[in-house]
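S.K.: Quick one, fold the following:
(3 chains, ligands or ions: 2)
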Amino acid sequence: MIVAERKPIAELTSRLAPYRRILVVGCNTCVAVCSAGGAKEVAVTSALLRIALGREHPETRVDETCVERQCEVEMNAELAPSLGNYEVILSMACGVGVQTLAEQFNTAVVIPALNTKFMGRPEGLGEWSERCAGCGNCVLERYAGVCPITRCSKNLLNGPCGGSANGRCEVDPERLPCAWQLIYDRWVALGQLDRYLTNEPAKDWSSSLHGGPRRIQREDIR
Amino acid sequence: MKPYLVLGCDRSASRALADLCRTGYVLPDEVEYRTLPCSGSLDVLYILRAFEQGFERVLVLSCNDDACRSLDGSRRAAQRSARARTLLSEVGVNPRCVSFRQISPTMAADLCIWLDEFVQPLPAEAEPEKAE
Amino acid sequence: MSPVSRLQSLLERREFTVSAELGPPKGPNIEVITTKIGLLRGMCDAVNVTDNQTAIVRISSAATCALLVQQGIEPIMQMTCRDRNRLAIQADLFGAVALGVRNLLCLSGDHQVFGNHPTAKNVFDLDSVQMIGMVKRLRDEGLTLGGEPVDGAMPMFIGGAANPFGDPFELQVLRALKKANAGVQFIQTQCIYDMVRFREWMKRVTDLGIPEHVHILAGVMPLKSAGAARYINNNVAGIYVPDPIVKRMSAAGKGQKARDEGIRITAEIIEQVREIPGVHGVHIMAVEWEEAVQPLTEMAGLLPRPVLAEGE
Ligand code: SF4
Ligand code: SF4
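M.R.: Ligands and ions are numbered 1, 2, ... in the order given. Sure, this is the predicted structure:
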């Protein structure tokens, strides 16, 4: 899923300072699952904003709502009738949701409340880790299911670097396992260590964001 | 409206308060007391809403860990009070404005002292309080 | 194919070679480079020029190498994958070769979080193994990575790095083989303090037949103090200074006495690595302490350095 994190309230209040009628719109999909922008977080953030913004301008109105999936135009349609009552939308969806609202409601000011971080998964309570960088040409089968592009700090396809120590990555040993230790351990477990000896050629990054913004078109669905 | 809010657990705080009142004690004027069925059900949002409504300080009174009827309800209440403090400090509210204490029904005397403390002005330059 | 550099000639003649390291200044101060050249001249066969080492911005490796060539010192140009994509690497290599640089050390590069621009966007378009393969292709096939002909010859002696002390140990052995397969001709190792582990790594790479094709230069770094040793153990992943060495450094005291002991220990390490089959030279990393190279090479009996006849 897409993992995000709320921006500090101080940043939000400074962005929202010029406005008195604010609609906070959450999203019930990825960002709700990672406790960043679902109904619960919308309620908490709105309460905090009311406290903070209400100090100087008690007339400030902060209303809350949450849509099922903010990245889909159809699901945002329900917002349309009430938007006239607000000067600004504070979107608590990922960057895709924010852009969908902005594109869909072309007279609305839309401000992001979250920092969209990565595609990842939960690791225990209150912790998430990045797992895929969306390179557009998945090589996981060559690395025993561990992504070197995403999980190695230097994206090494023929790693490890010399900084791998005790299973940890030199870039942040406390928080980061060394991807190449993980790959190695899996290869050994699978009896596939010989795969390492094939040198991985320079990657074709044209399928990734480096090749420009991407789009998928499928005739069978159109 | 009253500026201070006490949220007390039905099985402990409210009984201690009843005890205390039997001795002739009267809640200070500035304090509103609300009974929680169980502090385990206390939500962060409940505390935030109190501040939104205009309360300046909240005291959460929860059962002792071993007396909590929903097992780890007290622990959760402590966690949520701590979370509320963190969130409120993000909007410039002194985290000391949210306090958390554990109480048993027989602790009327302690409650009397705590309530007295609760209505005293906060120290001006409060150090950030550690999460309990 | 005849050797393209002095370093390559000496290694192929099976001389025990010495390379040193020159850290370029954090700006265009040529005087610093000239001073360091003075400290290294005659003490070694070639000089590594670092490339924004530890991700700290310095005068470019290529420009510094060109200055070395002008002053009659043979450079080994370090090139990292951190700051350049495949276009920039190839362009800089063309430039370096045109200016007389012949030895190249292909590196992944330290991560930018360790340097003075931690907010930078890194590149890592290629890794060091891929860079080695790319350079080999430029040289042997005269083709860029993109497949177009290179206008001119690319005489290069291709090097890489290895860390016998990194984990997982088995991959640090096999990675040398990957580099050999990609076309590396010499390998400089991470600084050696732990002889037991280094011997084991050498045994394993020798079992794989690597030293038959690849010259291995053992990396050494003189310690300035016991504090420096402890710092390495606590902060530098993938290098380990064993206790007896730390103790010797503490016992030596402070200042010049400690520095002398650091040089003595390094000279002893050089004597030991020299005896290991497959080790064809040493690489001295006296980082920002180029003054140490002379006493060290002297003490280790590495002076004078051989002179090559014209055209050799
Ligand atoms: S190889 Fe590419 S698509 Fe596959 S997990 Fe890694 S980044 Fe994602
Ligand atoms: S330590 Fe491991 S994960 Fe970190 S950069 Fe090196 S190889 Fe990649």
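S.K.: alpha carbons only for contacts and neighbour counts from here, please
M.R.: Fine.
S.K.: Pick out the residue in chain C sitting closest to chain B.
M.R.: Residue of chain C nearest chain B, by CA to the nearest CA: C:Thr119 (25.5 Å).
S.K.: tell me the contacts of that residue?
M.R.: Contacts for C:Thr119 were tallied using CA atoms under 8 Å, 6 or more residues apart in numbering or on different chains; they are C:112-113.
S.K.: same deal with the one 3 residues further on?
M.R.: By CA under 8 Å, 6+ apart, the contact list for C:Asn122 reads C:82-83, C:112.
S.K.: List phi and psi for A:Gly26.
M.R.: Dihedral pair for A:Gly26: phi -90, psi -180, per degrees, to the nearest 10.
S.K.: Could you give the backbone dihedrals for A:Pro58?
M.R.: Dihedral angles (degrees, to the nearest 10) for A:Pro58: phi -60, psi -20.
S.K.: what about it, how many neighbours?
M.R.: 12 (other CA atoms under 10 Å in any protein chain shown).
S.K.: Which secondary structure state does the residue of chain C closest to chain B sit in?
M.R.: Secondary structure, DSSP: H, G, I helix; E, B strand; the rest coil: C:Thr119 is coil.
S.K.: Find me the pLDDT at it, would you?
M.R.: Listed pLDDT for C:Thr119 reads 97.
S.K.: Same check on B:Cys68?
M.R.: With respect to pLDDT, B:Cys68 scores 68.
S.K.: C:Pro25 belongs to a helix, doesn't it?
M.R.: No: counting by three-state DSSP, C:Pro25 is not found in a helix; it is coil.
S.K.: Contact partners for C:Asn48?
M.R.: C:19-22, C:75-78.
S.K.: Repeat the analysis, applying 6 Å as the threshold.
M.R.: C:21-22, C:75-77 (CA atoms under 6 Å, 6 or more residues apart in numbering or on different chains).
S.K.: circling back to that earlier point, most neighbours among the contacts of C:Asn122, which one?
M.R.: Highest neighbour count within those, by other CA under 10 Å: C:Arg82, with 24 neighbours.
S.K.: element containing it?
M.R.: Using DSSP states H and E, C:Arg82 maps to neither a helix nor a strand.
S.K.: That one touches C:Phe124, doesn't it?
M.R.: Yes: in terms of CA atoms under 6 Å, C:Arg82 counts as a neighbour of C:Phe124; the distance is 5.0 Å.
S.K.: picking up where we left off before, of the contacts of C:Asn48, which belong to strands?
M.R.: The members of the contacts of C:Asn48 that map onto strands under DSSP state E are C:21-22, C:75-77.
S.K.: Let's see if you can find the most crowded of those residues.
M.R.: That'd be C:Pro75 among the ones in strands among the contacts of C:Asn48, by other CA under 10 Å, with 31 neighbours.
S.K.: where's the residue in chain B that chain C sits nearest to relative to A:Ile9, distance?
M.R.: Using CA to the nearest CA, the single residue of chain B nearest to chain C is B:Glu90, 25.5 Å away. For B:Glu90, the distance to A:Ile9 (CA to CA, to the nearest Å) stands at 6 Å.
S.K.: show me the biggest helix of chain A in terms of residues.
M.R.: Looking across chain A with DSSP state H, the single longest helix is helix A:39-56.
S.K.: count of neighbours near the nearest residue to A:Glu72 once chain neighbours are set aside?
M.R.: Among residues not flanking A:Glu72 along the chain, A:Thr100 sits closest, at 7.1 Å (CA to CA, 6 or more residues apart in numbering or on different chains). Neighbour count of A:Thr100, defined by other CA under 10 Å: 18.
S.K.: next one: C:Gly146
M.R.: C:Gly146 has 9 neighbouring residues, counting by other CA under 10 Å.
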